[in-house]
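Engineer: okay, here's the prediction I keep looking at, along with the sequence it came from:
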Amino acid sequence: MRPPKTRHVALLVETSNAYARGVLGGVRKYVEAHPGWSMYLAEHSRHETDFSWLEDWHGQGVLARIESEETASFIRRLGLPTVDLSAARLLPELPGVETDDGTIARWAVQHFEERGLRHFAYCGDERFGWSLKRGARFEEHVRERGSTPRVFRMKPSGMRAADRERLARWLTDLPKPVGVFACYDIAGQEVLEACKLAGLAVPDSVAVIGVDNDELVGNLTTPALSSIEPDTTRTGYLAAELLDRLMRGDDLEPGLRLIAPTRVVTRQSSDILAVQDPLVAEALRFIRDRSDQALAVTAVLRHVGLSRRALDQRFLRSLGRTVHGEIVRVRVGHVAELLSSTDWTLQQIAQRLGFSHSEYMSVVFKKHTGTSPGQYRRAVNGSVARQSFWND
């Protein structure tokens, strides 16, 4: 039997950010299951349009993030089967695969709502179609709730020192407390740095969430950045599958195939519950800052100067749970974060968070969430679409 003909495929996908690398990972998974591809990829950033590395290339198909007219013109000249991986839709006649920006925007608003926030703002980057779409849908969801969305537009040239100062002034003028949805994690990092410049407390005055769950960016910032994680693996896999069909001669409908995000990853930048009672707010900050400790209720009582009965009554009025219930909620959330972001054993996580032993931690986790730590980790690693259960 003759071996299948090798298909030569160009990947015009940047390698400079977590989202694109995740998409490339999805392409790889498809090729592993359907061998016979020879892929051409050059290391480049989102804005590069130098395709000289393909001058003598003779291939059968292209997967491309078409986010500029230069890239669109190059694709037209090639005249090959192509699947678009961008929301810009500069070549609407092509089939495309892209993250569902409407769902991302809705999850961001819900994330802030669950924390008691009633003021919402968006930090967008007008260079990108997906940012414009996320912003438009975010504004729609905010207005549906009877609130007024505030919008900051990052300049096409990128953020310079003067632009960060402009962002700091914008943040200062927002009504507080406010939830700021950043179009992607790099913008979220800029928001957090601008908050430092303006002397704004995060998350107490400004809660921040980004998109992409870039582990480097999310944990490099102080405080760590919450983020909505897109399903990049499924996006890349489906794009490769569609291209395979095009190269075999199948007719495909143009238009975008939208892929829902997988989960909200809650870190300190949005780990807030906005409450009117100042003593409850102070107790919440105290509990949150000690989520890696075996915190006793008595320590919280000493910190705020109230009896257990008095503080529990205030917590029940504000949150619907007791002080002990809040301590457990926060600690389980920290366990879940480490399960999803590290490969640590249960024993290592238990030691890091001050549990007496991993068996006890597992019992607490399952009682609070309905699933064991192992089941949760497998679900996350399998990209099961879910929001963070500890937001309830």
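Structural biologist: Received it, and whenever you're ready, just let me know what you need. Numbering: from 1, shown residues only.
Engineer: please make it C-alpha for all contacts and neighbour counts, starting now.
Structural biologist: Noted.
Engineer: poorly predicted segments of the stretch 1-150 of the chain, please.
Structural biologist: Applying pLDDT under 70 to the stretch 1-150 of the chain flags the ranges 1-4.
Engineer: ok, which stretches of it are helices?
Structural biologist: 18-33, 69-78, 101-113, 129-144 (DSSP state H, counting those that start in this stretch).
Engineer: if I look at residue 106, how far off is residue 128?
Structural biologist: 19 Å (C-alpha to C-alpha, to the nearest Å).
Engineer: contacts only, for the residue nearest to the spatial centre of the chain.
Structural biologist: Note on the chain: the residue nearest the mean C-alpha position is residue 228, at 2.4 Å, using C-alpha atoms, centre = their mean. Applying C-alpha atoms under 8 Å, 6 or more residues apart in numbering to residue 228 gives the contacts 104, 107-108, 209-213, 261-265.
Engineer: quick one, helices of the stretch 151-300 of the chain?
Structural biologist: 161-173, 185-198, 215-220, 232-247, 278-288, 297-304.
Engineer: what's the spacing between the last one and its chain's center?
Structural biologist: Looking back up the chat, that one is helix 297-304. Relative to its chain's centre, helix 297-304 lies at 34 Å (C-alpha atoms, centre = their mean, to the nearest Å).
Engineer: which other helices and strands does it contact?
Structural biologist: Using 3 or more C-alpha pairs under 8 Å, 6 or more residues apart in numbering; DSSP states H and E as the contact criterion, the elements in contact with helix 297-304 are helix 278-288, helix 308-319.
Engineer: of those helices, which shows the lowest average pLDDT?
Structural biologist: When the helices and strands packed on helix 297-304 are ranked by mean pLDDT, helix 278-288 comes last with a mean of 88.
Engineer: mind listing what's buried along the lengthiest helix in the chain?
Structural biologist: Longest helix in the chain, counting residues (DSSP state H): helix 323-341. The neighbour-count check on helix 323-341 (16 or more other C-alpha atoms under 10 Å) flags 323-340 as buried.
Engineer: tell me what angle it forms with helix 278-288.
Structural biologist: 40 degrees (axes from the mean of the first three to the mean of the last three C-alpha atoms, to 10 degrees).
Engineer: which other residues reach helix 323-341?
Structural biologist: Outside helix 323-341, the residues that reach it (C-alpha under 8 Å, 6+ apart) are 215, 265-267, 287-288, 291-292, 295, 297, 311-312, 315, 344, 349, 353, 364-365, 368, 373, 376-377, 380-381, 390.
Engineer: can you select the buried ones from those in ChimeraX?
Structural biologist: A single ChimeraX command selects the buried members of the contacts of helix 323-341 (16+ other C-alpha under 10 Å):
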select :265,266,267,287,288,291,292,295,297,311,312,315,349,353,364,365,368,373,376,377,380,390
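Engineer: sorry, back to before: now the contacts of residue 228 as CSV including distance to residue 304?
Structural biologist: Conversion of the contacts of residue 228 to CSV gives the following (distance: C-alpha to C-alpha, whole Å):
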residue, distance to residue 304
104, 38
107, 34
108, 32
209, 29
210, 33
211, 36
212, 38
213, 35
261, 40
262, 38
263, 35
264, 31
265, 30
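Engineer: so which of these are in strands?
Structural biologist: Counting by DSSP state E, the contacts of residue 228 place 209-211, 263-265 in strands.
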